[in-house]
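Undergrad: sequence first, predicted model second:
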Amino acid sequence: MEKQYTFSDLCHILEVLRGENGCPWDKVQTHESLREAMLEEAYEAVDAIDRKDHANLCEELGDVLLQVVFHANLAAEEGIFTMDDVLRGICEKMIYRHPHIFADAKADTPEEVLENWEALKKKEKHQTTQGQIMEAVPNALPALTRAKKIQKKAADVGFDFYSYGGAVEKVEEEWQEFLQEMGGEQKRLEEEFGDLLFAMVNVARFFKINPEFALTKATKKFINRFEYVENSVLSAGKSLESQTQEELDRLWEEAKVRLSQQQ
């Protein structure tokens, strides 16, 4: 029979690893050194969800939990807060932001729940302007995701295009401005490219498209088609470098047809 571990066991393991006779690597870690690991573990969990790999999701959630406990342990060592503080904070937050369950507020639909959630969050964080709410959207978010959230915050107070047509026109305007900067100053070209991306995210929002997911799928599609082209060339005993642009384009078009038929 497999040994059963508890949340307390995990906390104790971290204390041992960070202790006097603990692991040399674990003992030198800081909040800053673990920053990338926190992001990577969260992304790996999301990837398992996308792949519907439940076994891997179970493993990745453990890795995410490890990061939470690790950071709480570091904070406890510095006398800042403890794991108990973390647990108390999230429990109090969930109760406070669900007054329709734990108090006498009313919210019968998911939309009403989200509306109440945002109002309570604004009150809790003492935010008095929409600009403050936008500034509170984490900079560490992927840029496309952050842009979408910022645009949603603006739309919440009516600062938005009347329809998707206005958003599409903005994309066309930004595209022309980008073209005008080509060959000019790099800083201006980068600025206009950013404006173009921001405008594209607005279009995605109108059509309820998650731009981050859409780009991820497009990248995966590119990889699949590239691998088809590469494998076709290698199976013929040749190299990609030896192929002309016309030959590669022909294989690329072939890949589009073949792979779409397999879907």
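TA: Yes, it's here.

Undergrad: spatially central residue for this structure, please.
TA: residue 142 (5.4 Å; C-alpha atoms, centre = their mean).

Undergrad: shouldn't it be in contact with residue 211?
TA: No. Using C-beta atoms under 8 Å, residue 142 is not in contact with residue 211; the gap is 9.2 Å. Glycine gets a C-beta too; all of them are placed from N, C-alpha and C.

Undergrad: just to revisit the earlier point, in terms of pLDDT, where does the residue nearest to the centre of the chain sit?
TA: At residue 142, the model reports a pLDDT of 91.

Undergrad: so, low pLDDT: which residues of the stretch 151-263 of the chain?
TA: The stretch 151-263 of the chain contains residues with pLDDT under 70 at 263.

Undergrad: still on that earlier bit, could you measure from the residue nearest to the centre of the chain over to residue 223?
TA: To residue 223, residue 142 is 19 Å away according to C-beta to C-beta, to the nearest Å.

Undergrad: thinking again about what came up before, so what's the residue nearest to the centre of the chain up against?
TA: Neighbouring residues of residue 142 by C-beta atoms under 8 Å, 6 or more residues apart in numbering: residue 212.

Undergrad: now do residue 45
TA: Residue 45 touches 57, 60, 61, 63, 64, counting by C-beta under 8 Å, 6+ apart.

Undergrad: let me see the contact set for the nearest residue to the last one once chain neighbours are set aside.
TA: Same thing as residue 64. Nearest in space to residue 64, with sequence neighbours left out and distances taken as C-beta to C-beta, 6 or more residues apart in numbering, is residue 41 at 4.9 Å. By C-beta under 8 Å, 6+ apart, the contact set of residue 41 is 60, 63, 64, 66, 67.

Undergrad: distance of residue 41 from residue 65?
TA: According to C-beta to C-beta, residue 41 stands 9 Å off from residue 65.

Undergrad: same check, this time on residue 50
TA: In this view, residue 50 and residue 65 are 20 Å apart by C-beta to C-beta.

Undergrad: then residue 147?
TA: Taken as C-beta to C-beta, the span from residue 147 to residue 65 is 30 Å.
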